[in-house]
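Undergrad: what's the 3D shape of this:
(one chain, ligands or ions: 2)
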Amino acid sequence: MDVSSSPACRFVVLISGRGSNMQTIVNTVQAGHLPATVSAVMANKADAAGLEWAQAHGIPTAVVPHRDYDSREAFDAALAEAIEAYQPHYVLLAGFMRVLTPAFVERFNGRLINIHPSLLPAFPGLHTHQQALAMGVQWHGCTIHFVTPVLDHGPIVAQGMVPVRADDTPDDLAQRVLQVEHRMYADVVGWLAQGRVSLDAMQRVQVSGVASRSFVLTPDGVASSE
Ligand SMILES: Nc1nc2c(c(=O)[nH]1)N[C@@H](CN(C=O)c1ccc(C(=O)N[C@@H](CCC(=O)O)C(=O)O)cc1)CN2
Ligand SMILES: NCC(=O)N[C@@H]1O[C@H](COP(=O)([O-])[O-])[C@@H](O)[C@H]1O
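TA: Ligands and ions are numbered 1, 2, ... in the order given. From the prediction side, this is the model:
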């Protein structure tokens, strides 16, 4: 793919399902206020509902079915080849549900971003809303972080939090957290596109010109904690 004419920040977005975070990313970029483009949306499942939405919005899509490969390493190598064809500045995981191998993470080191539906380091892995309710936490939320070989452990870019209600079900919590996820990823995509995000010598995230990297859900919507 010839990207020489594209000086903008190129994103490839990885999904596994409905892709509401991917839709937020595409809508943010296609609003036209950022020097950025979503070069492709890719999924590890052909039935990922977000693929049809992306195609309808003019975004190239690809499927690399993880079940077609004999090993995690082989799948990751095929996925990496598909991604590198677009020469992205960043690869954004948005509901991507495969644990990535160290070789894959190394190949995109410093350019791989994920959104996780908990306030890391609390509740890594899957079923985070069930974990939160089981522990009786009163605050829950989401984290955008750089991806490292250690699952859900990378340097944190932003976090957002929501109150937990006594009668919450996991789905109630998921829907409340998604509101914050969408606002957060929209802001983080802007920071990335504007070249504001870096890692210091201690592998801590720095975002130039941004006073707060935390968000909170209020009765009036999602607010930055500035
Ligand atoms: N090396 C890393 N890979 C991934 C990270 C990461 O931080 N480091 N983040 C995840 C995203 N994620 C949570 O945010 C996550 C995704 C998937 C799983 C998981 O256990 N997946 C199973 C399959 C589950 C399924 O297919 O439904 C698996 O891969 O065997 C845990 C956490 C993305 N990858
Ligand atoms: N461990 C990864 C993970 O659980 N990601 C979560 O999957 C959901 C996908 O929603 P979406 O497909 O509508 O963006 C989101 O809540 C995201 O945080």
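
Undergrad: mind checking how far residue 71 is from ligand 2?
TA: Between residue 71 and ligand 2 the computed distance is 21 Å (C-beta to the nearest ligand atom, to the nearest Å). For every residue, glycine as well, the C-beta is placed using N, CA and C.

Undergrad: got any ranges where this structure has weak pLDDT?
TA: 1, 3-7 (pLDDT under 70).

Undergrad: which residues of it lie near ligand 2?
TA: 15, 17-21, 94-95, 97, 115-117, 142, 178, 181 (C-beta under 6 Å from any ligand atom).

Undergrad: could you restrict these to the ones contacting ligand 1?
TA: 97, 116.

Undergrad: quick one: which of the residues of the chain next to ligand 2 sit in helices?
TA: 20, 21, 178, 181 (DSSP state H).

Undergrad: is residue 161 bridged to anything, and to what?
TA: residue 141, residue 216 (DSSP bridges).

Undergrad: before we move on, back to that, filter the residues of the chain next to ligand 2 down to the buried ones, ChimeraX style.
TA: Selection of the buried residues among the residues of the chain next to ligand 2 in ChimeraX, burial being defined by 16 or more other C-beta atoms under 10 Å:
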select :15,17,19,20,21,94,95,115,116,117,142,178,181
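
Undergrad: only alpha carbons, please: show stretch 68-88 as PDB.
TA: Taking C-alpha atoms only, stretch 68-88 is exported to PDB below (Å, rounded to 0.1, in the frame of the first residue of the first chain):
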ATOM      1  CA  ASP A  68      -7.300 -20.900  11.000                       C
ATOM      2  CA  TYR A  69      -3.900 -21.100  12.600                       C
ATOM      3  CA  ASP A  70      -2.200 -23.900  14.500                       C
ATOM      4  CA  SER A  71      -0.600 -21.700  17.100                       C
ATOM      5  CA  ARG A  72      -0.900 -18.300  18.700                       C
ATOM      6  CA  GLU A  73       2.500 -17.400  17.200                       C
ATOM      7  CA  ALA A  74       1.300 -18.300  13.700                       C
ATOM      8  CA  PHE A  75      -1.900 -16.200  14.000                       C
ATOM      9  CA  ASP A  76       0.000 -13.300  15.400                       C
ATOM     10  CA  ALA A  77       2.600 -13.400  12.600                       C
ATOM     11  CA  ALA A  78      -0.200 -13.400  10.000                       C
ATOM     12  CA  LEU A  79      -2.000 -10.600  11.800                       C
ATOM     13  CA  ALA A  80       1.200  -8.600  12.000                       C
ATOM     14  CA  GLU A  81       1.800  -9.000   8.200                       C
ATOM     15  CA  ALA A  82      -1.700  -7.800   7.500                       C
ATOM     16  CA  ILE A  83      -1.300  -4.700   9.800                       C
ATOM     17  CA  GLU A  84       2.200  -3.800   8.400                       C
ATOM     18  CA  ALA A  85       0.800  -3.500   4.900                       C
ATOM     19  CA  TYR A  86      -0.800  -0.200   6.100                       C
ATOM     20  CA  GLN A  87       2.300   1.100   7.900                       C
ATOM     21  CA  PRO A  88       0.400   2.400  10.900                       C
END
